[in-house]
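Below are the sequence and a predicted model for it; my questions follow.
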Amino acid sequence: MTIEFWPRRLLHPKPKPRYRPLPPRKRRPKLPIGVGKAQQMLTAAIILGDHEQASWVDLVVKANRATGKPEQLDELKKRLDAVMVPLPNASPPIVPAPSHGGLPAAEAVTVS
């Protein structure tokens with residue numbers, strides 16, 4: 001007959017730790033940021049259509065919180081000026097109002 005010795009930690013298993021959601025990641029990096037990072041953020045904002053991120057990059061550059069070579073800074077400022085110009089005579093897109101049945105007005109059929 002053999003005697004088995006089990007480790008104590010296996011005799012009393014621990015319960016799973018409670019799930020705690022991770023805190024949200026910070027969206028903005030610490031300042032000052034490099035010119036390359038500012039260009040990457042501006043490109044991402046243009047691709048994603050994120051106006052808040054583009055305006056944040058514009059604010060950082062105008063507050064001289066971006067570091068890098070003067071030539072690159074000038075190029076980034078020109079790019080920001082071109083991007084941040086408001087569209088001429090921009091009006092919101094026209095969306096047809098929904099009809100009585102919840103269908104868009106173009107698809108609604110009226111019976112008289």
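Ah, there it is. Numbering: from 1, shown residues only.

and residue 88, that's in a strand?
No. Under the criterion used here (DSSP: H, G, I helix; E, B strand; the rest coil), residue 88 is coil, not part of a strand.

tell me, how many neighbours does it end up with?
5 (other Cβ atoms under 10 Å). Backbone N, C-alpha and C define where each C-beta goes, glycine included.

ok, now residue 57?
With other Cβ under 10 Å as criterion, residue 57 counts 27.

Could you say which helix or strand holds it?
Element membership for residue 57 (DSSP states H and E) is helix 51-62.

Point out the other elements, helices or strands, that that helix touches.
If you count contacts as 3 or more Cβ pairs under 8 Å, 6 or more residues apart in numbering; DSSP states H and E, helix 51-62 packs onto helix 35-48, helix 70-83.

Please work out which of these is packed deepest.
With neighbours defined as mean count of other Cβ atoms under 10 Å, these peak in mean count at helix 35-48, which reaches a mean of 16.

Can I get that one as CSV, trimmed to CA atoms?
Taking C-alpha atoms only, helix 35-48 is exported to CSV below (Å, rounded to 0.1, in the frame of the first residue of the first chain):
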residue,chain,number,x,y,z
VAL,A,35,5.9,65.5,-35.2
GLY,A,36,5.7,61.9,-36.5
LYS,A,37,3.2,60.9,-33.8
ALA,A,38,1.1,64.1,-34.6
GLN,A,39,1.2,63.2,-38.3
GLN,A,40,0.0,59.6,-37.5
MET,A,41,-2.8,60.9,-35.3
LEU,A,42,-3.9,63.4,-38.0
THR,A,43,-3.9,60.7,-40.7
ALA,A,44,-5.9,58.4,-38.5
ALA,A,45,-8.4,61.2,-37.8
ILE,A,46,-8.8,61.9,-41.5
ILE,A,47,-9.3,58.2,-42.3
LEU,A,48,-11.8,57.7,-39.5
